[in-house]
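>>> How does the following fold in three dimensions:
(3 chains)
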Amino acid sequence: MPELPEVETVRRGLAPVVSGRRVTALDMRRPDLRFPFPERFAERIVGQEIVSLERRAKYLIAGLSGGEDLVMHLGMTGRFTILQNGRRDTPGDYANAVGPVPAHDHVVLHLSDGTRIVYNDPRRFGFMIMMPHADQSQHPLFRGLGVEPLGSDLTAEYLAGRARGKKANLKAFLMDQRIVAGLGNIYVSEALFRAGLSPNRAARTLADRRGAATERAKRLVPAIQDVLRQAIEAGGSTLRDYRDANGASGAFQDAFAVYDRARHVCPRPGCGGEIRRVVHAGRASFYCPRCQK
DNA sequence: ACTGTACCCTGTAGGC
DNA sequence: TGCCTACAGGGTACAG
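Now for the predicted structure:
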């Protein structure tokens, strides 16, 4: 669920609350999420100061004063919630241990100012791992990642170079985290609509015979960057589970042109086409066959 | 080297 | 009302 804009929104909500705070306790309500929790997880975190909270692709990275990083992924349904002053709107009160623990609250991070950060994840596709900060770029999780789409590394020439000779379709190409890191099912569909490119088109057509970027690649870069920037500005997209760290929904779902809009009329003025749903690699794709070639 | 499928897990929506 | 199926923001392990 959470793609780059959602993870970035969570990061921005959490960062001011956790930065400079010390972890005073860690509760684990089960032994694992998608992976087992790190060895001696609590001992490695408790007593450390959280010095930074960064994002790479869809990963959140908390830098700890002891030199290790806590790397977190939200999977499909992961959610961080900030609890201040022992108050909580759902049943269960962590401060007083009153009432049942809410379903799927798997991890609670207690901070030195009394704030607690709760990690909730019904499907448990998310995970938390620890790694030395110095090893980050060489860690298997990060080593093969593609460029950050909002950085200066995403260029038409880069896309053309990676797409050259690939007969896979554009949908799969852009979903591949080794190419562009942080895009997911929603924003690939939306970016392709903005670029006027069909998800069915072969990726190699982003490059010409010499490997130079085509007009298509040049349209794709701003389409990706604009949709991500606008989504971040809107606080991400809430379809079902997603909430930011303060419990607020995103608003960008109201701006979807095609995602989850099968059989609706294309929003481009004068088009009148009908949005289609197709499946690529087991994931739904949405596009307007008239606008996207 | 690619590509497509199955799977991890839970909740929900829709058809009957 | 209830049962059953399909599907959901992600990523990985396979088989072909």
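>>> Enumerate the residues of the stretch 151-293 of chain A near DNA strand B.
Counting by CB under 7 Å from any atom of the strand, the stretch 151-293 of chain A comes close to DNA strand B at A:166, A:167, A:168, A:169, A:172, A:240, A:280, A:281, A:282. Any C-beta I mention is one placed from the backbone N, CA and C, and that applies to glycine too.
>>> Out of the residues you listed, list just those in helices.
For these, the ones inside helices are residue A:172, with DSSP state H as the criterion.
>>> Checking the residue lying closest to residue A:159 once chain neighbours are set aside next. Helix, strand or coil?
Excluding the flanking residues, the one nearest residue A:159 by CB to CB, 6 or more residues apart in numbering is residue A:217, at 4.7 Å. The local conformation at residue A:217, judged by DSSP: H, G, I helix; E, B strand; the rest coil, is helix.
>>> hmm, back to that, so which of the residues of the stretch 151-293 of chain A next to DNA strand B comes closest to DNA strand C?
residue A:240 (2.9 Å; CB to the nearest atom of the strand).
>>> ok, the nearest residue to residue A:83 once chain neighbours are set aside - how many residues close by?
On the basis of CB to CB, 6+ apart, the spatially nearest residue to residue A:83 that is not a chain neighbour turns out to be residue A:116, at 4.4 Å. Burial of residue A:116, expressed as a neighbour count using other CB atoms under 10 Å, amounts to 20.
>>> Hmm, residue A:105 and residue A:116 touching each other?
No. With contact defined as CB atoms under 8 Å, residue A:116 does not reach residue A:105; the gap is 10.3 Å.
>>> Show me what from chain A comes close to DNA strand C.
The interface of chain A toward DNA strand C, taken as CB under 7 Å from any atom of the strand, is made up of A:1-3, A:34, A:57-58, A:73, A:75-77, A:123, A:125, A:141, A:177, A:184-186, A:237-242, A:253, A:282-284.
>>> Out of those residues, which sit inside strands?
Counted as lying in strands by DSSP state E, out of the residues of chain A next to DNA strand C, are A:73, A:283, A:284.
>>> Identify, from those, the entry nearest to residue A:210.
In terms of CB to CB, no member of those lies closer to residue A:210 than residue A:283, at 32.3 Å.
>>> Let me know how buried the closest one is, in neighbour terms.
Residues within reach of residue A:283, counting by other CB under 10 Å, total 14.
>>> Provide a list of residues in contact with it.
For residue A:283, the residues meeting the contact criterion (CB atoms under 8 Å, 6 or more residues apart in numbering) are A:171, A:175, A:185.
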